[in-house]
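Novice: Quick one, fold the following:
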Amino acid sequence: MPGMQPQSPRDSNPTAASWLVHRSAISASGSSLPRPRPPPPPPARGPPRGCSRARPVPPPPTSAAARAGDGPASAIRAPLAGRVAAVNVREGEPVADGVVVAVLDAMKMEHAITAPGAGTVSAVHVAPDEVVEAGALLVELE
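Specialist: Numbers count the residues shown, from 1 in each chain. As a prediction, this is how the structure comes out:
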């Protein structure tokens, strides 16, 4: 038709026109629905395991009898079954309190066996690569 201006799609489509009107009403009011509340924060807990901010805890103090196993202070016994990885002392050698006299491999870990007190090694009852039971006599001190 000559003299008529072309119609836009929203003029010819009443659904599109109503959508635009509805959209402008929503934009003007901000929102037609109330906003949902954000979820509450999780409860406060300490740092996660393995976190670099965690402080290492020193081991509890142990008595000489607990470090040496059951028995007198002159007998150093294996606290658990395992393989002797190393023997760090020889007969006649003086040792101080807390010195590592032997190392046991048990449960895929190395366990340092320390002297319960100062003294002199009177006997070594094990050799490296020897398998021992829990409570086996490792070293005797005078």
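Novice: Give the residue spans of this protein that score low on pLDDT.
Specialist: Within the chain, the ranges that satisfy pLDDT under 70 run 1-33, 46-73.
Novice: for this structure, what spans make up the helices?
Specialist: Under the criterion DSSP state H, the chain contains helices at 9-12, 14-29, 64-68.
Novice: And for Ile76, nearest residue in space, chain neighbours not counted?
Specialist: Val139 (4.4 Å; Cβ to Cβ, 6 or more residues apart in numbering). Every C-beta, even on glycine, is put in place using the N, C-alpha and C of the backbone.
Novice: ok, so what distance separates the one you found from Pro34?
Specialist: 77 Å (Cβ to Cβ, to the nearest Å).
Novice: Who has more neighbours out of the two?
Specialist: Using other Cβ atoms under 10 Å, the more surrounded residue of Val139 and Pro34 is Val139, with 26 against 6.
Novice: who's in contact with the more buried one?
Specialist: Contact partners of Val139, counting by Cβ atoms under 8 Å, 6 or more residues apart in numbering, are Ile76, Val87, Val89, Val101, Ala102, Ala115, Val121, Ala123, Val124, His125, Val126.
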